[in-house]
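Enquirer: No sequence on hand, only this structure:
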């Protein structure tokens, strides 16, 4: 069963930056659109952003627009989430997942979820 693997989480101060990575174990994600979601304690999983399989198109949740950037390197089978100007409210477990559809922000349209990587924004 294909599962994506997230990495790069950690503890960062407000205003700081982190870069998360997503890769696939045993397969390629190069032909799939990939999204990042996050889930804070006690809250539902929410859409963060997604990137087209070509790497040309991307879209983001309003809460992260202008601060977060998704990119991909298909040669390395990796999708990255660059997070800048981090805020307390960005604290969450971050997940990546893949889909063949486009423009969806619904988690049910995505699959091959990883175990997540924890991001904590704190002084």
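Expert: Received it, and whenever you're ready, just let me know what you need. Just so it is clear, the model here is predicted, and its values are computed rather than measured.
Enquirer: okay but residue 119 is in contact with residue 95, surely?
Expert: No - judged on Cβ atoms under 8 Å, residue 119 makes no contact with residue 95 at a distance of 11.0 Å. For glycine as for every other residue, the C-beta is placed from the backbone atoms N, C-alpha and C.
Enquirer: overlap in contacts of those two?
Expert: residue 38 (Cβ atoms under 8 Å, 6 or more residues apart in numbering).
Enquirer: Show me which residues of stretch 7-20 are buried.
Expert: 8, 9, 12, 18, 20 (16 or more other Cβ atoms under 10 Å).
Enquirer: can you check stretch 76-84 too?
Expert: Within stretch 76-84, the residues scored as buried using 16+ other Cβ under 10 Å are 78, 79, 80, 81, 83.
Enquirer: what's in contact with that stretch?
Expert: Contacts of stretch 76-84 (Cβ under 8 Å, 6+ apart): 17-24, 28-30, 34, 36, 48-49, 51, 64, 67-73, 90, 94, 96, 119.
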